[in-house]
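K.L.:
Following is a predicted model, sequence given first.
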Amino acid sequence: MDELKITMLGSTGVGKTSLLTAMYEQFATNIGKTDLQLTPDDESSAILQERLIELKSLLDDFEARGGVNATAGEPTDLRSFIFGLGRRGKPPSLQLRFRDYPGGYHLTKATPDKRQFIKDLLDECVAVIVAIDAPALMELRGKWNELINRPQQITDIFRTAYQDIESPRLVIFAPVRCEKYMQTERSSLELVRRIKDEYQGLFDLFGSETLLPNVVAVITPVQTVGSVVFSRIENKARVPYFRFRKIGHDARYSPKDSEQPLRYLLRFLLKLHLTNNRNWGFFNFVRDVFRMDDHLVNAIRELSVGCKSTGGFTVLQGDSWLNL
């Protein structure tokens, strides 16, 4: 089975696994009558189920606390989440491999092999999802943003990895835990503005003459739990602990817009399938798979209709690679 690789970028604790959990858990309920199913392998299913239990347990108390370790430790082993994508009740036609990113690989003490690993990883991936902890970005004028989201380090990774790319790539900026900032049009636009400000160096890179033709950049906010909002920050020994409160005593786990990154990814792939006049190396098999599976093309077309583009959802560049 052919495979597409997607990299998850973001430091430990920023919410990458929570984002994947919400994406998978909400996929089936957000695709309507589309004849698609997303099936994780056994290991991915077990990990995501554990994470889902943790997310739902946040609602056992009226207030929940999330902590971020301010001291970066050694990189953990690279972890992949594997999903089969195909027709309902049929074997998968395509495999999606979401590869987690060892945050320590880009620290000063990282070895040359680890730095080369980052470049190779982004070279082989069709898309990158940059998970952004929204409270760290927004609260106290972004006091904890560098510690938690590390936008400068993320920018440096792309500067190295996206040199001389020859095929189109999709970069999704996914602010998570953003329930508080999606309440009104004004607050959602402020979230977008803050992302643009904090990642300005990266957007300048993507907008350069070399990368502009081949890099698609979008912002897709995800309300990871949906029924909690940021409350306050507790600072203990220079480590921030973010407090979240339920919107009501009987509130339940109800993530919102968690399928949007996947909608944009499938929309991007369909556009590549329909554009068949160039040789893009590892994208060649995408066209072969989609030609064989007309149902997959039709399903992705239908799924693309639900892509949001207002209220905090923004295509920053490369919209021609998303329009059918």
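P.N.:
Thanks, I have the structure now. Numbers count the residues shown, from 1 in each chain.

K.L.:
need the next SSE after the lowest-mean-pLDDT helix or strand in the chain, C-terminal direction.
P.N.:
One helix or strand of the chain scores below all others by mean pLDDT, DSSP states H and E: strand 63-67, with a mean of 55. For strand 63-67, the following helix or strand on the C-terminal side (DSSP states H and E) is strand 80-86.

K.L.:
where exactly do the helices run in the stretch 101-250 of the chain?
P.N.:
Assignment of helices within the stretch 101-250 of the chain using DSSP state H, counting those that start in this stretch yields the ranges 112-123, 134-138, 145-148, 151-161, 185-198, 200-206.

K.L.:
Tell me what angle the fifth one forms with helix 151-161.
P.N.:
It stands for helix 185-198. Helix 185-198 runs at 60 degrees relative to helix 151-161, counting by axes from the mean of the first three to the mean of the last three C-alpha atoms, to 10 degrees.

K.L.:
I'd like the numbering to begin with 6 instead of 1 from here.
P.N.:
Yes, from this point I'll number from 6; that puts the last item at helix 190-203.

K.L.:
list the contacts for the closest residue to residue 167 other than its chain neighbours?
P.N.:
Spatial nearest neighbour of residue 167, excluding adjacent residues (C-beta to C-beta, 6 or more residues apart in numbering): residue 216 at 6.1 Å. The way it works is simple: take the backbone N, C-alpha and C, and place the C-beta from them, glycine included. Counting by C-beta atoms under 8 Å, 6 or more residues apart in numbering, residue 216 makes contact with 167, 170, 210.

K.L.:
Roughly how far does residue 216 sit from residue 136?
P.N.:
Separation of residue 216 from residue 136 (C-beta to C-beta, to the nearest Å): 21 Å.

K.L.:
Show the pLDDT at residue 327.
P.N.:
Model confidence at residue 327, given as pLDDT, is 90.

K.L.:
cool, and residue 189?
P.N.:
For residue 189, the predicted pLDDT is 93.

K.L.:
how many neighbours does it have?
P.N.:
Counted with other C-beta atoms under 10 Å, the neighbours of residue 189 add up to 10.

K.L.:
now stretch 53-61, how far from the centre of its chain.
P.N.:
Taking C-alpha atoms, centre = their mean, to the nearest Å, one finds the center of stretch 53-61 at 18 Å from the center of the full chain.

K.L.:
Give me the buried positions along that stretch.
P.N.:
53, 56, 57, 60 (16 or more other C-beta atoms under 10 Å).

K.L.:
what does stretch 143-153 give?
P.N.:
143, 144, 147, 149, 150, 152, 153.

K.L.:
Among those residues, which pair sits farthest apart?
P.N.:
143 and 152 (14.3 Å; C-beta to C-beta).

K.L.:
one step back: from the contacts of residue 216, list just the buried residues.
P.N.:
167, 210.

K.L.:
Return the member of the contacts of residue 216 nearest to residue 182.
P.N.:
Nearest to residue 182 among these, with distances taken as C-beta to C-beta, is residue 210, at 26.2 Å.
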